[in-house]
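Enquirer: Next comes the sequence, and after it the predicted model I'd like to discuss.
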Amino acid sequence: DAKTTQPTSMDCAEGRAANLPCNHSTISGNEYVYWYRQIHSQGPQYIIHGLKNNETNEMASLIITEDRKSSTLILPHATLRDTAVYYCIVRASGTYKYIFGTGTRLKVLA
Amino acid sequence: GAVVSQHPSWVICKSGTSVKIECRSLDFQATTMFWYRQFPKQSLMLMATSNEGSKATYEQGVEKDKFLINHASLTLSTLTVTSAHPEDSSFYICSARGDRGRNEQYFGPGTRLTVT
């Protein structure tokens, strides 16, 4: 599985956009990028995923670079409830396993 | 949709006893379920992959005789921690892969196990 690298922690002001980067420089052509978040003492929550194109849903936007070596998760208007650990995961086609990295601890500040 | 439940949400047991944790997909059929373990301030570590009707596939370093996994139906997988010891105390989380061509995993709320 491709390895992902994320900053350990980030702060964001409430109401502002939170941009969470992820580096996956060894990703191959058929590997998807998934984003989850984990609020303290809960199971991870699915946010969004993509392969090549940028994606948007009601929670967030996912921007994948053209070479697919990195991506950015965007929370357009962060709220205090978005404080969590955000995980970027690369899943190889044909396997359904997730290998979690260390994630980014996002703290939204009032 | 895509709700996964776990039972119990927390359990305390004595050293040497066994504990069973249930994972259910409530509104979809899950041919594949996964079990993870998470220690405080650490990331999730995949323990095993469970396919309905077949033996689980364990990750390297995970003792299959200690962590018994059964996936008897498309909506239920169980993890039994046998002869639990204090070092088995952890947060155990299951997930289920969506059906109908959706491959993302949906996670349960987790079970906190404390072995005294």
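Expert: Here it is on my side, so go on. Because the structure is a prediction, the values reported are computed rather than measured.

Enquirer: which residues does the residue of chain B found nearest chain A bridge with?
Expert: Proximity of chain B to chain A (C-beta to the nearest C-beta) peaks at B:Phe107, 3.5 Å away. For the C-beta atoms, the positions are set from N, CA and C on the backbone; glycine is no exception. Counting by DSSP bridges, B:Phe107 is bridged to B:Ser95.

Enquirer: gap between it and A:Tyr46?
Expert: According to C-beta to C-beta, to the nearest Å, B:Phe107 stands 8 Å off from A:Tyr46.

Enquirer: Give me the more crowded residue out of these two.
Expert: B:Phe107 (24 against 19; other C-beta atoms under 10 Å in any protein chain shown).

Enquirer: what's the burial count for B:Val19?
Expert: When neighbours are counted by other C-beta under 10 Å, B:Val19 comes out with 18.

Enquirer: cool, B:Glu59 as well?
Expert: 15.

Enquirer: May I have the beta-bridge partners of B:Leu68?
Expert: Residues in beta-bridge contact with B:Leu68 (DSSP bridges): B:Thr80.

Enquirer: quick one on the thing from earlier: the residue of chain B closest to chain A reaches A:Gln45, doesn't it?
Expert: Yes - look at B:Phe107 against A:Gln45 with C-beta atoms under 8 Å: they come within range, at 7.2 Å.

Enquirer: Touching both of those two, which residues are there?
Expert: A:Tyr36 (C-beta atoms under 8 Å, 6 or more residues apart in numbering or on different chains).

Enquirer: can you list residues touching both of B:Phe107 and A:Tyr46?
Expert: A:Tyr36.

Enquirer: Around chain A, which positions in chain B sit nearby?
Expert: Residues of chain B lying close to chain A by C-beta under 8 Å from any C-beta of the partner chain are B:2, B:4, B:6, B:32, B:34, B:36, B:43-46, B:49, B:91, B:93, B:95, B:97, B:103-110, B:112.

Enquirer: And the residue of chain A closest to chain B?
Expert: A:Gly43 (3.5 Å).

Enquirer: hey, where'd the strands end up in chain A?
Expert: A:9-13, A:18-23, A:32-38, A:45-50, A:55-56, A:61-64, A:70-75, A:84-91, A:104-109 (DSSP state E).

Enquirer: Quick one, which of these gets closest to B:Pro86.
Expert: The closest of the strands of chain A to B:Pro86 is strand A:32-38. By C-beta to C-beta, the value is 24.5 Å.

Enquirer: That closest one close to chain B?
Expert: Yes - judged by C-beta under 8 Å from any C-beta, strand A:32-38 comes into contact with chain B through A:Tyr32, A:Tyr34, A:Tyr36, A:Gln38.

Enquirer: For PyMOL, write a command that selects the buried ones of those.
Expert: Buried residues among the residues of strand A:32-38 next to chain B (16 or more other C-beta atoms under 10 Å in any protein chain shown), as a PyMOL selection:
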select buried, chain A and resi 32+34+36+38
